[in-house]
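Visitor: return atomic coordinates for the entry below.
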Amino acid sequence: MGPAVDLTSPRSPRVVAARRLARRTARGRERRFLAEGPQAIREAVAHRTPDGGTLVELFATAEAAERHDDLLAAARDAGVPVHLAGPEVLAALSQTVTPQGLVGVCRFLDRTLEAVLADRPRLVAVLAHVRDPGNAGTVLRCADAAGADAVILTDASVDAYNPKAVRASAGSLFHLPVAVGVPVERAVRGLAEAGVRVLAADGAGERELDAELDEGAMGGPTAWLFGNEAWGLPEATRALADAAVRVPIHGHAESLNLATAAAVCLYASARAQRAPGGCRAE
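Guide: You can find the predicted model right below:
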């Protein structure tokens, strides 16, 4: 016999309170968000903010509790309330078609722009006008994989704590500093004052990424501005950057999608920074 279930109704006050966090207004008011699935919960258990542990409450089905008993034990050891819940409860909390049986309530973990810049970042992804939460989470994941020091989401971009964005980040939201709601002009000005070169990723950019690499222009601290999925960066935003750089299209594709272009740009910077003479060279 599996562990006893203590929450069976989606109308339970605890469940209703957690469900509210699917809405941006409730997330902003309570400074809490939902993280779903074993990967996100594993990262949340390990992560801490100045206010304490990031994970503050965990809901799990009996089946998930047996499969991921190590995660539940780690949560309990950290003093996190763990609720064993019926499948209907997890379905109510989940934003996926096939719930994975684990949903956590987490504290916001974003940092101020000033705190991000105080760490003297050398590679930054700035989501200037990214509206799709899946794209935002995927770019955050790419930035994490490329070894970026921070991600900045401007006030014109989607909420980093949107459940779809959290899922698409595949745990990377918990790995690197994230600043949210920053006006793009303020972000660019702060980066420039911190000695970071700001490049706008633009399919119509006057500079080509290969040329930037060949000329050794990308070895220093760099921030990439990424724009909207459909219409790219507004002219006013492009004008803020030190240069607009395009990823070369060597085949017949019309363009690259946002996440793919971001991965190419971030990895190009990561390689240049680690090459002889780059700002991360040993």
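Visitor: what about the helices in the stretch 151-282 of the chain?
Guide: Secondary structure of the stretch 151-282 of the chain (DSSP state H, counting those that start in this stretch): helices at 163-168, 184-193, 209-214, 235-238, 258-274.
Visitor: so which of the ones you listed is the most packed in?
Guide: helix 163-168 (a mean of 22; mean count of other C-beta atoms under 10 Å). C-betas here are computed from N, CA, C, even on glycine.
Visitor: related to what we said a few turns ago, got JSON lines for the helices of the stretch 151-282 of the chain, with distance to Pro13 and mean pLDDT too?
Guide: Listed next are the helices of the stretch 151-282 of the chain as JSON lines, based on distance: least, C-beta to C-beta, whole Å; pLDDT from 0 to 100:
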{"stretch": "helix 163-168", "distance to Pro13": "21", "mean pLDDT": "95"}
{"stretch": "helix 184-193", "distance to Pro13": "40", "mean pLDDT": "97"}
{"stretch": "helix 209-214", "distance to Pro13": "53", "mean pLDDT": "94"}
{"stretch": "helix 235-238", "distance to Pro13": "44", "mean pLDDT": "93"}
{"stretch": "helix 258-274", "distance to Pro13": "39", "mean pLDDT": "96"}
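Visitor: for Val130, which of those helices is the nearest?
Guide: helix 258-274 (6.8 Å; C-beta to C-beta).
Visitor: circling back: nearest to Ala281, out of the helices of the stretch 151-282 of the chain?
Guide: The minimum distance between Ala281 and the helices of the stretch 151-282 of the chain falls on helix 258-274, with 6.2 Å, by C-beta to C-beta.
Visitor: what distance separates that closest one from the centre of its chain?
Guide: The chain centre lies 16 Å from the centre of helix 258-274; the measure is C-alpha atoms, centre = their mean, to the nearest Å.
Visitor: pull out the buried positions in stretch 11-30.
Guide: Ser12, Arg14, Val15, Ala18, Arg19, Leu21, Ala22, Arg27 (16 or more other C-beta atoms under 10 Å).
Visitor: out of those, list just those in helices.
Guide: Arg14, Val15, Ala18, Arg19, Arg27 (DSSP state H).
Visitor: and the host helix or strand of Glu114, what's buried?
Guide: Secondary structure from DSSP states H and E places Glu114 in helix 113-118. Residues of helix 113-118 classed as buried: Leu113, Val116, Leu117 (neighbour count, 16+ other C-beta under 10 Å).
Visitor: other SSEs contacting it?
Guide: The helices and strands touching helix 113-118, judged by 3 or more C-beta pairs under 8 Å, 6 or more residues apart in numbering; DSSP states H and E, are strand 150-154, strand 178-182, helix 184-193.
Visitor: could you list the residues in contact with the helix or strand that that helix is followed by?
Guide: Scanning forward in sequence from helix 113-118 by DSSP H and E, the next helix or strand is strand 123-127. Strand 123-127 is contacted by residues 116, 136, 139-140, 142-143, 146-154, 157-158, 184, 187-188, 191, 196, 198, 221-226, 262, 266, 269-270, 273 when judged by C-beta atoms under 8 Å, 6 or more residues apart in numbering.
Visitor: next structured bit after strand 123-127?
Guide: helix 133-145.
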